[in-house]
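Asker: Give me coordinates for this.
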Amino acid sequence: MKKIYHLSTCDTCKRILNELNPSSEFILQDIKAEAITTTQIEEMQHLAGSYEALFSKRARLYKERDLKNQNLSEEDYKNLILEHYTFLKRPVIVVDDQIFIGNSKKVVEAAQSAM
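Answerer: Modelled structure (predicted):
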């Protein structure tokens, strides 16, 4: 499977998509327009190793809800991501059995190599 989970309103996601210029083999899923399903998040977790790895601690809601002062479990991370798309660290790029999470330069370069 070749898929990119992104947010079409996010300038960083737009920049990375332009940089990567994914082929037509890739399915692009705008997570705001098409919510992440339980099956999709479980597939991502299987590749990433944890839900926490997929979770964005930069999300505005993370600060608003004071989640950093709570002891969150893997199940909490999963439910928060399913509850609101901004909790997913973006973009998430899946290339067959590899997953690339986030927008750091190293992650984007690794994803580009895999593509």
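
Asker: which parts of the helix or strand of the chain with the lowest mean pLDDT are buried?
Answerer: Using mean pLDDT, DSSP states H and E, helix 60-64 stands out as the lowest-scoring helix or strand of the chain, at a mean of 92. By 16 or more other Cβ atoms under 10 Å, the buried positions in helix 60-64 come out as residue 62. Any C-beta I mention is one placed from the backbone N, CA and C, and that applies to glycine too.

Asker: From here on, call the first residue 26.
Answerer: Taking 26 as the first residue, the last one we looked at is helix 85-89.

Asker: Pull out the C-alpha coordinates of that helix and format them as CSV.
Answerer: Taking Å, rounded to 0.1, in the frame of the first residue of the first chain, the C-alpha atoms of helix 85-89 are listed here in CSV:
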residue,chain,number,x,y,z
ARG,A,85,-3.7,23.1,19.9
LEU,A,86,-6.2,20.8,21.6
TYR,A,87,-3.3,19.1,23.4
LYS,A,88,-2.4,22.4,25.2
GLU,A,89,-6.1,23.5,25.6
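
Asker: Mind listing what's buried along stretch 97-104?
Answerer: So for stretch 97-104, counting by 16+ other Cβ under 10 Å, buried means 97, 102-104.

Asker: picking up where we left off before, helix or strand next in line after the least confident helix or strand of the chain, which one?
Answerer: Per DSSP states H and E, the first helix or strand lying C-terminal to helix 85-89 is helix 99-108.

Asker: What helices and strands are in contact with the helix or strand following that next one?
Answerer: Once the chain leaves helix 99-108, the next helix or strand it forms, by DSSP H and E, is strand 117-120. Contacts defined by 3 or more Cβ pairs under 8 Å, 6 or more residues apart in numbering; DSSP states H and E place strand 117-120 against strand 27-31, helix 63-73, strand 123-126, helix 130-139.
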